[in-house]
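K.L.:
return atomic coordinates for the entry below.
(4 chains)
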2 protein chains.
Amino acid sequence: MEGLTIQEAAATTGWSPRMLRYIERAGLLALVRSPSGYRLYGPEQLQRLRTLRELLARMNFGLAELGFAMRLRREPELRAAVNEWLDAAPERPEHVAPDDWLRWEQEKHQALIAAAHTTEMEMA
Amino acid sequence: MEGLTIQEAAATTGWSPRMLRYIERAGLLALVRSPSGYRLYGPEQLQRLRTLRELLARMNFGLAELGFAMRLRREPELRAAVNEWLDAAPERPEHVAPDDWLRWEQEKHQALIAAAHTTEMEMA
DNA sequence: CGCACCTTGACAATGTTTTGGTAACGTTGC
DNA sequence: GCAACGTTACCAAAACATTGTCAAGGTGCG
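P.N.:
This next block holds a predicted model:
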């Protein structure tokens, strides 16, 4: 009785069973297993899964990116290397639009969104 | 004369001209432009591009991930949200293989590589 | 036992990112 | 002015991420 099965968890979190397995495999959620190997979802896991949904939707990124963020925490070498590279940024060009790249991350999506239906620009 | 043109830069860094434009657009490298709009690559940029290559190859990730790392630096809200979610990790399950997820990031590749042609396993 | 659930693994459809090519047009240098 | 380069903008192929589905087999329970 210690926890819901995958299908029940799917029902209450909005993820599909397939995705729940994917998320576990991605290392984003650790689960207890029943003696026979069934995944068991406790209240904490369920909460975490719901929060995860909001997080991805709200901040506009995906599981892969979150996985990388996790990697950055757990691999000091990786973190160091990435930071070192990013720190070396203060570029030659004095005249750089500092928020230029920001557009990029958004446009990736908007490009398609815009293509889909050309309306709905007011939502922003 | 202040800096190489894109094709010259490509030649000395190993990136294709196409990729050099992509990298700039991704906000990973800021460039000076000539009066007529030509991208100009100085020694620093060239060095940065070479370093970038090594970094990605050595730590096994891509431009998108680096872009996200950059996003994490520049968007406090994002960083806070991600950290908050990850901090809530100390899971129910006491018995978690701590390096389990690591396999994932690697297997992603191997899966397809193996599927491609079942030969050529010796190349590794 | 039988039925509905679970497991892993594979194959595939879809969506997105990465990368290349090409077209249309401006720049540089001889 | 012409050849060889640069620019942006677009289309397309390849790679990867996301998601579904199905097969083969184990588990739980009436």
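
K.L.:
need the helix or strand of chain A with the lowest average pLDDT.
P.N.:
Ranking every helix and strand in chain A by mean pLDDT, DSSP states H and E puts helix A:100-116 at the bottom, with a mean of 48.

K.L.:
mind listing the strands for chain A?
P.N.:
A:32-33, A:39-40 (DSSP state E).

K.L.:
just say which of those is most tucked in.
P.N.:
strand A:39-40 (a mean of 18; mean count of other C-beta atoms under 10 Å in any protein chain shown). Bear in mind the C-beta positions are built from the backbone N, C-alpha and C, glycine included.

K.L.:
can you tell me if that one touches chain B.
P.N.:
No. Applying C-beta under 8 Å from any C-beta of the partner chain, one finds strand A:39-40 out of contact with chain B, separated by at least 9.0 Å.

K.L.:
same deal with stretch A:69-82?
P.N.:
Yes. Counting by C-beta under 8 Å from any C-beta, contacts between stretch A:69-82 and chain B involve A:69-73, A:77-78, A:81-82.

K.L.:
neighbour-wise, give me the winner out of those residues.
P.N.:
Tallying neighbours with other C-beta atoms under 10 Å in any protein chain shown puts A:Val82 at the head of the residues of stretch A:69-82 next to chain B, with 23 neighbours.

K.L.:
roughly how far apart are the residue lying closest to that one once chain neighbours are set aside and B:Trp85?
P.N.:
Distances taken as C-beta to C-beta, 6 or more residues apart in numbering or on different chains place B:Ala69 nearest to A:Val82, at 5.1 Å, with adjacent residues excluded. B:Ala69 is 16 Å from B:Trp85, where distance means C-beta to C-beta, to the nearest Å.

K.L.:
would you map the helices across chain A?
P.N.:
A:6-13, A:17-25, A:43-59, A:63-74, A:76-87, A:100-116 (DSSP state H).

K.L.:
which residues are contacting the fourth one?
P.N.:
It stands for helix A:63-74. Outside helix A:63-74, the residues that touch it by C-beta atoms under 8 Å, 6 or more residues apart in numbering or on different chains are A:22-23, A:26-28, A:52, A:55-56, A:78-79, A:82, B:61, B:64-65, B:68-69, B:72, B:82, B:85-86, B:101, B:104-105.

K.L.:
just the buried subset of the residues you listed, please.
P.N.:
Among the contacts of helix A:63-74, those classed as buried by 16 or more other C-beta atoms under 10 Å in any protein chain shown are A:23, A:26-28, A:52, A:55, A:78, A:82, B:61, B:64-65, B:68-69, B:72, B:82, B:85, B:101, B:105.

K.L.:
and those residues near DNA strand D, which?
P.N.:
Subset of the buried ones among the contacts of helix A:63-74 in contact with DNA strand D: A:Ala26, counting by C-beta under 7 Å from any atom of the strand.

K.L.:
run through chain A and note the low-pLDDT ranges.
P.N.:
Within chain A, the ranges that satisfy pLDDT under 70 run A:1, A:90-124.

K.L.:
next one: A:Met70 relative to DNA strand C, how far apart?
P.N.:
In this structure, A:Met70 and DNA strand C are 18 Å apart, going by C-beta to the nearest atom of the strand, to the nearest Å.

K.L.:
nope, A:Ser36 is what I was after
P.N.:
Distance from A:Ser36 to DNA strand C, by C-beta to the nearest atom of the strand: 8 Å.

K.L.:
what does A:Ala64 give?
P.N.:
To DNA strand C, A:Ala64 is 9 Å away according to C-beta to the nearest atom of the strand.
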